[in-house]
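Colleague: Everything below, folded, please.
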Amino acid sequence: MSSKKRVLVAETLEQAGIDLLREHFDVDVRERTDEAELARIIGDYDGLMIKTYTRVSKQVIDNARKLKIVARAGSGLDKVDLVYAKEKGLPVRNTPQANVVSVAELVFGLMLAVSRKLAAADRYVRSREGWDRDRFTGVELAGKTLGIVGFGNIGKLVARRALAFDMKPVGYDPFIDAAAMAEHGVRKVETVDDVIDVADYITVHVPLLDSTRNLFSTEQFRRMKSTAILINTARGEVVDEPALIAALQAGQIAGAGLDVYEAEPPNHPELLTLDNVVLCPHIGAATHEALNRMTMQAAQMIIEALKD
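Modeller: Numbering: from 1, shown residues only. A predicted model of the protein is given here:
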């Protein structure tokens, strides 16, 4: 029987990171592992790597008698019981820097797709209905005000790209001062409402907390410009989805680009019928470059935690 420590990769990840782990440990890889199955088998492992779907609950942690680290290849940790892990002294690590470029680029992909009606135009050409270009007249990004709600790693990269598009970025983040934002060419405002009052586009980059749940709801949509476009690549629950649907249907705002939802797949069928929304299946980090960085960084964290 091997004397090597054992690592479980609980869902599909990039091969380079798995190969790196195998240089040091016995590694088992599963395509996906549900909570009950993970709770049943976790006692045999010293390290655990997760990505999107794996839930590390109290029961899993209680059964993890040998586990020394949980490494999340990605940023969000909402599927890990962090409070209980801390109570039990179980380190939980993530890779928040690994996907920031990919997410920031997707923000502009969504802004352009909504502004220029790219998804509808693509469907129209494929349908061979005709050649009526006027129905797809859109708007430019240049000269518009971009409101950035949350000025962390992704928010900073979004701001840099906004300047390249000749946009005027304003930012809200209670933890970042005006001087720090100014270094990135961003004017700081003091509240989310201050962003809403001036923004032609709003992009959301905040974690899911009690204070950010439904941060954008009925009152915020009523306050937004009728020409405004909302982009959400953060967490679905930050936006009140029924309120967003109502605002889009009523023309209170012009459009939205969404990569995240309250439930995934989205469970509001009305959202799927709206032409002024571009929908993606949570692909913010889904580039080969980001996935490779995420897996390699998570693997290095496990190696460091389990070294003799």
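
Colleague: Residue 28 reaches residue 8, doesn't it?
Modeller: Yes: the criterion here is Cβ atoms under 8 Å, and residue 28 meets it with residue 8 at 5.3 Å. For every residue, glycine as well, the C-beta is placed using N, CA and C.

Colleague: Report the set of residues contacting both of the two.
Modeller: Taking Cβ atoms under 8 Å, 6 or more residues apart in numbering as the contact rule, the neighbours common to residue 28 and residue 8 are residue 45.

Colleague: Pull out the buried positions in stretch 12-26.
Modeller: Neighbour counts using 16 or more other Cβ atoms under 10 Å place 13-14, 17-18, 20-21, 24-26 of stretch 12-26 among the buried residues.

Colleague: more neighbours, residue 28 and residue 8?
Modeller: residue 8 (23 against 14; other Cβ atoms under 10 Å).

Colleague: Name the helix or strand for the more buried one, please.
Modeller: Applying DSSP states H and E as the criterion places residue 8 in strand 6-9.

Colleague: Which elements pack onto the helix or strand following that strand?
Modeller: Using DSSP H and E, the helix or strand that follows strand 6-9 towards the C-terminus is helix 15-22. If contacts are counted by 3 or more Cβ pairs under 8 Å, 6 or more residues apart in numbering; DSSP states H and E, helix 15-22 sits against strand 6-9, strand 26-29, helix 288-306.

Colleague: repeat that for 6 Å
Modeller: helix 288-306 (3 or more Cβ pairs under 6 Å, 6 or more residues apart in numbering; DSSP states H and E).

Colleague: Residues in contact with the helix it packs on: which ones?
Modeller: 5, 7, 13-14, 16-17, 20-21, 24, 46-47, 49, 68-69, 71, 73-74, 93, 95, 98-99, 102 (Cβ atoms under 6 Å, 6 or more residues apart in numbering).

Colleague: Determine which two of the buried residues of stretch 12-26 are furthest apart.
Modeller: 14 and 26 (19.2 Å; Cβ to Cβ).

Colleague: follow-up on the earlier one: now tabulate the buried residues of stretch 12-26 in CSV and tack on pLDDT and distance to residue 244.
Modeller: Output for the buried residues of stretch 12-26, formatted as CSV (pLDDT from 0 to 100; distance: Cβ to Cβ, whole Å):
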residue, pLDDT, distance to residue 244
13, 93, 32
14, 93, 33
17, 96, 36
18, 96, 39
20, 97, 41
21, 97, 41
24, 97, 46
25, 97, 45
26, 97, 47
